[in-house]
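1. Next come a sequence and a model predicted from it.
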Amino acid sequence: MPAHPLPDGTLQLIDAVRAALAERLGAQDMVDERPLFGCHAFMVNGKLCLGVKGEALLVRLPPAHHAATAEQPGVRELDARGGMPGYFWIDPVGYATQAQWRHWLDATLAFNPLARASPPRRRSPLPKPATPSAEPL
């Protein structure tokens, strides 16, 4: 649960993404929601697909199309230094119409099967507790 309640606009956008994924994905597809990159992320089949932060929509697209996508109105790169090609924030002006909304959802869902999944992180094992000494005190 977030430290502060989410604004209504954020909750509405999360619900809209949730409904769109339910409408477009099949029963075999796994959707997991979790906090990631400071946003509410939607993982589809183990890969980051979409996210919501405030009123911005996070999309993951083919890195090969990064430059062309970055030039579109209402689009910001996730990492302005270029360290994460293919990840973009779409501001409300960029998804205001049904056609724009469908474009971003369809594009990110089309790329999802081709996207690489991040390898699972291995947690370092916890140190074993010291065993009490058998020597008398």
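-> The structure has been received and is ready for your questions. Residues are numbered from 1 along each chain as shown.
2. list the helices and strands the longest helix along the chain packs on?
-> Looking across the chain with DSSP state H, the single longest helix is helix 8-24. Using 3 or more CB pairs under 8 Å, 6 or more residues apart in numbering; DSSP states H and E as the contact criterion, the elements in contact with helix 8-24 are strand 39-44, strand 47-53, helix 98-111. Where you see a C-beta, it was placed from the backbone N, CA and C, and this is true even at glycine.
3. Find the one among those with the highest mean neighbour count.
-> strand 47-53 (a mean of 22; mean count of other CB atoms under 10 Å).
4. Just list the residues touching Cys49, thanks.
-> Leu21, Phe42, Met43, Arg60, Thr108, Leu109, Asn112, Ala115 (CB atoms under 8 Å, 6 or more residues apart in numbering).
5. what about the third one, distance to Gly94?
-> Computed as CB to CB, to the nearest Å, the Met43 to Gly94 distance reads 22 Å.
6. Over to the last one?
-> Plainly put, Ala115 is 21 Å away from Gly94 if you go by CB to CB.
7. average pLDDT across stretch 62-80?
-> For stretch 62-80, the mean per-residue pLDDT is 90.
8. Poorly predicted segments of this structure, please.
-> Under the criterion pLDDT under 70, the flagged ranges of the chain are 1-4, 118-137.
9. repeat that with 50
-> Scanning the chain for pLDDT under 50 picks out 1.
10. returning to what we had before: the longest helix of the chain to helix 98-111, inter-axis angle?
-> Computed with axes from the mean of the first three to the mean of the last three CA atoms, to 10 degrees, the direction of helix 8-24 lies at 60 degrees from that of helix 98-111.
11. C-alpha coordinates for helix 8-24, PDB please?
-> C-alpha atoms of helix 8-24 as PDB (Å, rounded to 0.1, in the frame of the first residue of the first chain):
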ATOM      1  CA  ASP A   8      -8.500   9.700  -8.100                       C
ATOM      2  CA  GLY A   9      -7.000  10.300 -11.600                       C
ATOM      3  CA  THR A  10      -4.300   7.800 -11.000                       C
ATOM      4  CA  LEU A  11      -6.800   5.200  -9.700                       C
ATOM      5  CA  GLN A  12      -9.000   5.700 -12.700                       C
ATOM      6  CA  LEU A  13      -6.000   5.300 -15.100                       C
ATOM      7  CA  ILE A  14      -5.000   2.100 -13.200                       C
ATOM      8  CA  ASP A  15      -8.500   0.800 -13.500                       C
ATOM      9  CA  ALA A  16      -8.600   1.700 -17.200                       C
ATOM     10  CA  VAL A  17      -5.400  -0.200 -17.900                       C
ATOM     11  CA  ARG A  18      -6.600  -3.200 -15.800                       C
ATOM     12  CA  ALA A  19      -9.900  -3.300 -17.900                       C
ATOM     13  CA  ALA A  20      -8.000  -2.900 -21.200                       C
ATOM     14  CA  LEU A  21      -5.700  -5.800 -20.300                       C
ATOM     15  CA  ALA A  22      -8.600  -8.000 -19.300                       C
ATOM     16  CA  GLU A  23     -10.400  -7.200 -22.600                       C
ATOM     17  CA  ARG A  24      -7.300  -7.800 -24.800                       C
END
